[in-house]
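>>> Here's a sequence, model it:
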Amino acid sequence: MESSGLHPELSALSWLIGLWVGVGTGQYPTIDDFRFGQEVAFSTDGRPFLSYSSRSWLLDENGERVRPLAAESGFLRPRPGNTVEMQLSHAAGYSEIWYGKVEVTGIEQAKITGARVEFRTDLVARTETAKEYVEGHRLYGLVDGRLLWTFDMSAMGQPLSNHLAATLHPMEESL
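Numbering: from 1, shown residues only. Presented below is the predicted three-dimensional model:
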């Protein structure tokens, strides 16, 4: 482990670490469009994985919270060749296994200033009470100090299409 507390295997994912907050939009052929607020945290305890948690709220036209929307948590585990495994569980009754690849696009003064990680589902499992959801694609990117992300899904008999996108801002510098 490095003296900074960051496991060396996490170096390509270090740009994700911290608390991120912001606003996004949601849409899908089977629902009305909406805006949401989101808080996302990526953290490490020194071992070679990141812990992840996300929660979101429906926002009204004034940007005020109306009600909770979604909660998910999981782990990102780096693998050889800048590949990454992600395990997620959702309060709505889903568990997913994702595989992806990290690409660092900018480094200044030994700090990552631009990067992206793209994931595709390998497995989607759901409880009997969860709505049908069969496939997902996620893209996270570090652009101008912000975390941008998007989520495409295939669900409810619909083909893979965009469901969520958000722009998040860092709230604190932490490991």
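>>> In the helix or strand bottoming out on mean pLDDT in the chain, which residues are buried?
Across the helices and strands of the chain, mean pLDDT, DSSP states H and E gives its lowest value to strand 161-172, namely a mean of 94. Of all the residues in strand 161-172, those buried under the rule 16 or more other CB atoms under 10 Å are 163-164, 166-168, 170. Every residue, glycine included, has its C-beta placed from N, CA and C.
>>> Report the secondary structure element holding Glu85.
Secondary structure assignment for Glu85, by DSSP states H and E: strand 83-90.
>>> Which elements pack onto the helix or strand following that strand?
Using DSSP H and E, the next helix or strand after strand 83-90 towards the C-terminus is strand 94-108. When contacts are defined as 3 or more CB pairs under 8 Å, 6 or more residues apart in numbering; DSSP states H and E, strand 94-108 sits against strand 83-90, strand 111-126, strand 133-143.
>>> Direction included, what does the longest one pair against?
Strand pairing for strand 111-126, using DSSP bridges, gives strand 94-108 (antiparallel), strand 133-143 (antiparallel).
>>> on contacts alone, who are the packing partners of the helix or strand following the shortest one?
Sequence-wise, the next helix or strand downstream of strand 133-143 (DSSP H and E) is strand 146-155. With contacts defined as 3+ CB pairs under 8 Å, 6+ apart, strand 146-155 has these neighbours: strand 18-28, strand 133-143, strand 161-172.
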